[in-house]
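**Student:** Sequence and computational prediction follow.
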Amino acid sequence: MASKSKKTATPETKEYPRKAVQVVREQGDSDEMAARKMTAVVSAPEMAALRVIRGAEKKDGVWDSIDVPALMDQLRDQASAVNRGDLSQAEAMLMNQATALQSLFARLAERGMSCDLAPAFEVNMRMALRAQNQCRATLETLAAIKNPPVIFAKQANIANGHQQINNGAPSRALESESQQSKLLEAQHGEWLDTGTAGAAIGADKAMAAVGEIDRAENNRG
């Protein structure tokens, strides 16, 4: 009876999809260097995304068909594209999320409308409106990425000395103070002139009275 020969995997043979995270240890790397490389992979943002995707897709999803090293490379490429200013992936993600949220809103609203009991109707409609609100927020984020808001900054002009002029308000205050100072100076001058005039008039009246008395005495003599 002939025995079946078993296939032996050679070192060049790679099984797909691969499930192990690759950490390249080059010849001459010390144990400390290898540990640092492993730590860098574990703390990388793409590793965090990989763990979440694995948790979401492992049970009933497509995890069995995912090649882990290829997924890690794809996540790195997406981050590199954003660093270059290419936001096409982010825009597509937001648009697809908005579409999925719209579908979720429609499904929950449909379920709520088919409920005869008030508690079930309320729960489904509340969740439907949450999905609708999140869909709106997602579209607003997408619009902000496509057309960033323009921010206008007010410029502050520094005058000679310690005075700061901003939008002309302090300038008007200085003009007002200057006008008040001129008004006080004018009023002060008028007070001085009025007093001098009063003193002169008083002296004339006294002299006139003395003259009348002298003339009266002379007449009697």
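**Tutor:** Thanks, I have it. Predicted model only: the values in this text are computed from it and were never measured. Numbers count the residues shown, from 1 in each chain.

**Student:** So which residues of this structure form strands?
**Tutor:** 157-158, 164-165 (DSSP state E).

**Student:** Lowest mean pLDDT across the ones you listed, which one is that?
**Tutor:** Per-stretch mean pLDDT for the strands of the chain is lowest at strand 164-165 (a mean of 52).

**Student:** mind giving me the domain ranges of the chain?
**Tutor:** The chain breaks down by automatic domain parsing into domains covering 17-86, 87-151, 157-209.

**Student:** Columns mean neighbour count on top of those, output as TSV?
**Tutor:** C-beta here means a position set from N, CA and C on the backbone, and glycine is covered the same way. Below are the domains of the chain laid out as TSV (neighbours: other CB atoms under 10 Å):
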stretch	mean neighbour count
domain 17-86	12
domain 87-151	14
domain 157-209	10
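
**Student:** Can you show me the helices along the chain?
**Tutor:** For the chain, applying DSSP state H gives helices covering 31-42, 45-57, 68-83, 88-113, 118-146, 169-220.

**Student:** Comparing those, which yields the minimum mean pLDDT?
**Tutor:** Mean pLDDT across these is lowest at helix 169-220; the value there is a mean of 52.

**Student:** Any idea how far apart the tips of stretch 139-154 sit?
**Tutor:** Using CA to CA, to the nearest Å, the end-to-end distance of stretch 139-154 comes out at 30 Å.

**Student:** One more: stretch 110-122?
**Tutor:** Start-to-end, stretch 110-122 (CA to CA) is 12 Å.

**Student:** Give me the contacts around it.
**Tutor:** 123-125, 128 (CB atoms under 8 Å, 6 or more residues apart in numbering).

**Student:** could you redo these as JSON lines and give each row distance to Ala92?
**Tutor:** Shown next, in JSON lines, are the contacts of stretch 110-122 (distance: CB to CB, whole Å):
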{"residue": "Val123", "distance to Ala92": "32"}
{"residue": "Asn124", "distance to Ala92": "30"}
{"residue": "Met125", "distance to Ala92": "30"}
{"residue": "Ala128", "distance to Ala92": "25"}
